[in-house]
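K.L.:
3D, please:
(2 chains)
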Amino acid sequence: DSGVTQTPKHLITATGQRVTLRCSPRSGDLSVYWYQQSLDQGLQFLIQYYNGEERAKGNILERFSAQQFPDLHSELNLSSLELGDSALYFCASSATGATYGYTFGSGTRLTVV
Amino acid sequence: GQNIDQPTEMTATEGAIVQINCTYQTSGFNGLFWYQQHAGEAPTFLSYNVLDGLEEKGRFSSFLSRSKGYSYLLLKELQMKDSASYLCAVSPQAGANNLFFGTGTRLTVIP
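P.N.:
Presented below is the predicted three-dimensional model:
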């Protein structure tokens, strides 16, 4: 157990629907990062939050949004889902100012049918 | 933009040594990371280099040359459980800490 908790582990939904993925960071970590990993692609950075504020944004689609709550858990909202959104979505957390790596959660496997 | 290149696949024999290369071109540089990822699982941190040179950690070592935009991960005394994808990632800027990953190298260890 890495200390980063993601729910649900698996999600199957239809095109056009909306889903919410949840992440609880490791105790004490203020930064949360969201990544998407499709079959033939590497980990694609989506967005980072630090202590409730958006800190950095990657190639996140306008249909996707995220937030970090006062208790530091984060949610990634995916709407108007398309088949191409099927992927593993990872959340990671890191300690304040740390530049020596993240701790990843076990991921949510999203399948859009 | 950020560009990180790694070989797609490699095969090596149990007990041997394998070197996985990574070249990068990024808008800035604040450190290079190697992660191991078994299929369907979360990536796990292996090593971090921010200065030129070799960092050794047990059977794994990682090397960095910032002037060449080059790193390698060296795995010694390969074991079957080392079969996994190895991801090279660069942190382009201090403060934000977001990492940009290469597509990974899938290593298969054969008996």
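K.L.:
is the helix or strand where A:Ser93 lies anywhere near chain B?
P.N.:
A:Ser93 belongs to strand A:87-94 when elements are defined using DSSP states H and E. Yes. Interface with chain B: strand A:87-94 contributes A:Leu88, A:Phe90, A:Ser94 (C-beta under 8 Å from any C-beta of the partner chain). All C-beta atoms are positioned from the backbone trio N, CA, C, and that covers glycine.
K.L.:
chain center to that strand: distance?
P.N.:
Strand A:87-94 sits 5 Å away from the centroid of its parent chain (C-alpha atoms, centre = their mean, to the nearest Å).
K.L.:
mind checking the pLDDT average for that strand?
P.N.:
Across strand A:87-94, the average pLDDT comes to 94.
K.L.:
neighbouring strands for the next helix or strand after it, and are they parallel or not?
P.N.:
Per DSSP H and E, the first helix or strand lying C-terminal to strand A:87-94 is strand A:103-104. Strand pairing for strand A:103-104, determined by DSSP bridges: strand A:87-94 (antiparallel).
K.L.:
got the contact list for the strand it pairs with?
P.N.:
Counting by C-beta atoms under 8 Å, 6 or more residues apart in numbering or on different chains, strand A:87-94 makes contact with A:3-4, A:6, A:21, A:23, A:25-26, A:29, A:31-39, A:43, A:74, A:76, A:101-105, A:107-110, B:40, B:42-43, B:97, all of which sit outside it.
K.L.:
at 7 Å what do you get?
P.N.:
A:4, A:6, A:21, A:23, A:25-26, A:29, A:31-38, A:43, A:74, A:76, A:102-105, A:107-110, B:42, B:97 (C-beta atoms under 7 Å, 6 or more residues apart in numbering or on different chains).
K.L.:
next one: phi and psi at B:Lys68?
P.N.:
Reported as degrees, to the nearest 10, the phi and psi values for B:Lys68 are phi -100, psi 0.
K.L.:
ignoring the adjacent residues along the chain, who's closest to it?
P.N.:
Nearest residue to B:Lys68, sequence neighbours excluded (C-beta to C-beta, 6 or more residues apart in numbering or on different chains): B:Thr23, at 7.9 Å.
K.L.:
that neighbour in helix, strand or coil?
P.N.:
strand (DSSP: H, G, I helix; E, B strand; the rest coil).
K.L.:
ok, now how distant is the nearest residue to A:Thr5 once chain neighbours are set aside from B:Phe60?
P.N.:
Spatially, and ignoring its direct neighbours in sequence, A:Thr5 is nearest to A:Ser24 (4.3 Å; C-beta to C-beta, 6+ apart). Using C-beta to C-beta, to the nearest Å, A:Ser24 is found at 29 Å from B:Phe60.
K.L.:
and the strands in chain A?
P.N.:
A:5-7, A:10-13, A:19-24, A:31-37, A:43-50, A:53-57, A:64-68, A:74-78, A:87-94, A:103-104, A:108-112 (DSSP state E).
K.L.:
any chance of CSV for these, columns distance to B:Leu107 and mean neighbour count?
P.N.:
Listed next are the strands of chain A as CSV, based on distance: least, C-beta to C-beta, whole Å; neighbours: other C-beta atoms under 10 Å in any protein chain shown:
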stretch, distance to B:Leu107, mean neighbour count
strand A:5-7, 26, 17
strand A:10-13, 27, 14
strand A:19-24, 29, 19
strand A:31-37, 18, 25
strand A:43-50, 17, 22
strand A:53-57, 30, 14
strand A:64-68, 32, 19
strand A:74-78, 30, 20
strand A:87-94, 19, 25
strand A:103-104, 19, 22
strand A:108-112, 23, 18
